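Colleague: missing the sequence, but the structure's below:
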């Protein structure tokens, strides 16, 4: 981006585009979504290359987490968009007779989307799909920590999408500060809690609504399973949910595992075998693991192991290669609970295992921590499932699998408390970037005189009945019992 004047000119053009009402039409919205599909198809190789440069992601991981998920979301939006845009009729109490009502979705206006670096393509496109579907104009701010993807978005989006309605602005912290000084109709942010607080504080100056997709320490509750095949599958899902998606650098990645003490050794051995099967035994062998995003985050992760008591709890892994920004998948057994490893979101390839005497104690343990974005519970115990649902709070609960909830357009995705607020995916993305305008219409041919003075006892009794028994109030009205 150039000067502040360039930014101001861009925002003026975007608001003019929105006021022209062009973005409100079904045709425009569909054309932009279809254009993103064309971008995916024609620039797939460049997307693969950008994600490899930024994070060392394998092309199959890129397709699964970045390209395929976006294509799926677009096709879902295209198939549902006309229905989403339509007014929703709502039933009115009979006392409003004769009247009709509907809820009409309308775009918010000028939207700012901040993108996180860990999934720098899909976390740009997924909210963009929702903002476009709802008919908004958009400024997209990619993460400077994923520079190849940021450049790709900046170069390709203007080639495929309406450049007067959707703009990409690159830059670092200074650019973010400039953007936050401006007035927006919505800010959508994916990232850390620390930056989320700054976003929210800046948005408050203009009373701008925000959606914050943050993170937290997402636990796995591993209950006892009945046979070896189930144990192997559960461990495979834990390994995939920890290291298989950006090497633990994901807000929904497994942060720690809760298991009964008697199963800890079995779990550790099974984790080790699965890790080596999926990724290899040494740093030199790893072909399917993403690297740590940059030196700063590499050093942050390294520092988590500086505490001698934390280092002493390592039961597998622990090696690293600073030049390659690679840290070996590392398992720790019962590290100190007051260590930074257990009080802060890890966001990397370190996996603490915390043992309890009885798995039911895991509920109290989770409740002693800030509310997580996701709770994963691998259990077949229906009574225990009900307890988890009723006695814990989290953005999502997923039973007997890891990560798949993120791919489901039928479910809202979002946090609660410190893990964020607001939700998106599928129809929920459309709703996030829309205002639901209530519309009520009445006729002039009938009036409820009891609503007006002069007041008397009958009118008070009538109003009491109307509010308490709406249908009864109408019957009285129909009988002409009014003054």
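Modeller: Happy to help now that I have it. Computed from a prediction, not measured in an experiment: that's the story for all the values here. Numbering: from 1, shown residues only.

Colleague: burial measure for residue 323, as a count.
Modeller: 6 (other Cβ atoms under 10 Å). C-beta here means a position set from N, CA and C on the backbone, and glycine is covered the same way.

Colleague: what do you get for residue 173?
Modeller: Residue 173, neighbours per other Cβ under 10 Å, totals 10.

Colleague: Check residue 387 too.
Modeller: For residue 387, using other Cβ under 10 Å, the count is 15.

Colleague: list the contacts for it?
Modeller: When contacts are counted by Cβ atoms under 8 Å, 6 or more residues apart in numbering, residue 387 touches 360, 363.

Colleague: could you measure it against residue 33, distance?
Modeller: To residue 33, residue 387 is 42 Å away according to Cβ to Cβ, to the nearest Å.

Colleague: same check, this time on residue 390
Modeller: 39 Å.

Colleague: of the two, who's got more company?
Modeller: More crowded of residue 390 and residue 33, by other Cβ under 10 Å: residue 33, with 20 against 8.

Colleague: my read: the more buried one touches residue 134, true?
Modeller: No. Applying Cβ atoms under 8 Å, one finds residue 33 not in contact with residue 134, separated by 11.6 Å.

Colleague: Pull out the buried positions in stretch 203-215.
Modeller: Across stretch 203-215, burial judged by 16 or more other Cβ atoms under 10 Å covers 203, 208, 210, 211, 212, 213, 214, 215.

Colleague: cool, stretch 76-95 as well?
Modeller: Buried residues in stretch 76-95, counted by 16+ other Cβ under 10 Å: 76, 77, 78, 81, 84, 85, 94, 95.

Colleague: For the fifth one, which non-adjacent residue is closest in space?
Modeller: Here the nearest residue to residue 84 in space, its sequence neighbours aside, is residue 430; by Cβ to Cβ, 6 or more residues apart in numbering that works out to 4.8 Å.

Colleague: same question, residue 422
Modeller: Residue 422's closest residue in space is residue 211 (Cβ to Cβ, 6+ apart), at 3.1 Å.

Colleague: quick one: that neighbour and residue 432 touch, right?
Modeller: Yes. Contact criterion Cβ under 8 Å: residue 211 and residue 432 qualify, at 5.6 Å.

Colleague: okay, and the common contacts of these two?
Modeller: By Cβ under 8 Å, 6+ apart, the residues touching both residue 211 and residue 432 are 186, 188, 422, 423, 424.

Colleague: any idea which of those is closest to residue 144?
Modeller: residue 188 (17.7 Å; Cβ to Cβ).

Colleague: Quick one: residues in contact with stretch 58-71.
Modeller: With Cβ under 8 Å, 6+ apart, stretch 58-71 has contacts from 36-37, 40, 44, 47-48, 51-52, 57, 119, 121-122, 125-126, 129, 244-246, 287-288, 290, 406-407.

Colleague: those helices in the stretch 51-200 of the chain, which residues are they?
Modeller: 59-62, 68-85, 122-133, 147-160, 173-181, 193-204 (DSSP state H, counting those that start in this stretch).

Colleague: Would you mind saying which of the ones you listed lies nearest residue 349?
Modeller: Using Cβ to Cβ, these put helix 59-62 closest to residue 349, at 14.4 Å.

Colleague: What residues of the closest one count as buried?
Modeller: Within helix 59-62, the residues scored as buried using 16+ other Cβ under 10 Å are 61, 62.

Colleague: before we move on, the earlier item: quick one: which helix or strand includes the residue nearest to residue 422?
Modeller: Residue 211 is part of strand 210-213 when elements are defined by DSSP states H and E.

Colleague: so what strands line up beside that strand?
Modeller: Partners of strand 210-213 in the sheet, by DSSP bridges, are strand 186-190 (parallel), strand 420-421 (antiparallel).

Colleague: Kindly reformat these as a markdown table containing distance to residue 158 and mean neighbour count.
Modeller: Output for the strands paired with strand 210-213, formatted as a markdown table (distance: least, Cβ to Cβ, whole Å; neighbours: other Cβ atoms under 10 Å):
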| stretch | distance to residue 158 | mean neighbour count |
| --- | --- | --- |
| strand 186-190 | 20 | 26 |
| strand 420-421 | 30 | 22 |
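
Colleague: Looks to me like residue 23 is in a helix.
Modeller: Yes. Assignment of residue 23 by DSSP: H, G, I helix; E, B strand; the rest coil places it within a helix.

Colleague: give me the number of residues near the residue lying closest to it once chain neighbours are set aside?
Modeller: Beyond its immediate neighbours in the sequence, the residue positioned closest to residue 23 (Cβ to Cβ, 6+ apart) is residue 135, lying 4.8 Å away. Under the neighbour criterion other Cβ under 10 Å, residue 135 is assigned a count of 26.

Colleague: same deal with the one 5 residues further on?
Modeller: For residue 140, the count of nearby residues is 25 (other Cβ under 10 Å).

Colleague: thought it was touching residue 161?
Modeller: No. Counting by Cβ under 8 Å, residue 140 does not reach residue 161; the two are 9.8 Å apart.

Colleague: I'd say residue 370 and residue 215 touch.
Modeller: No. If you go by Cβ under 8 Å, residue 370 and residue 215 don't touch, sitting 10.2 Å apart.

Colleague: who touches both of those two?
Modeller: residue 419.

Colleague: From residue 379, how far out is the residue nearest to residue 222 when sequence neighbours are not counted?
Modeller: Among residues not flanking residue 222 along the chain, residue 259 sits closest, at 4.4 Å (Cβ to Cβ, 6+ apart). Taken as Cβ to Cβ, the spacing of residue 259 relative to residue 379 amounts to 11 Å.

Colleague: List the contacts of residue 158.
Modeller: 167, 168.

Colleague: which stretches of this protein aren't confidently modelled?
Modeller: Across the chain, the ranges flagged by pLDDT under 70 are 1-5, 226, 469-483.

Colleague: From the recorded domain assignment, give the ranges for it.
Modeller: Dividing the chain into domains by automatic domain parsing, as the record does, gives the ranges 4-214+425-436, 219-414.

Colleague: how would you label residue 335: helix, strand or coil?
Modeller: Strictly by three-state DSSP, residue 335 counts as coil.

Colleague: For burial, what's the neighbour tally of it?
Modeller: By other Cβ under 10 Å, neighbour count at residue 335 equals 24.

Colleague: coming back round to it: now for the buried residues of stretch 76-95: which two are most distant?
Modeller: 78 and 95 (41.3 Å).

Colleague: Could you report the neighbour count for residue 407?
Modeller: 15.

Colleague: wait, doesn't it sit right on residue 72?
Modeller: Yes. The pair residue 407 / residue 72 is scored as a contact, 7.4 Å apart, by Cβ under 8 Å.
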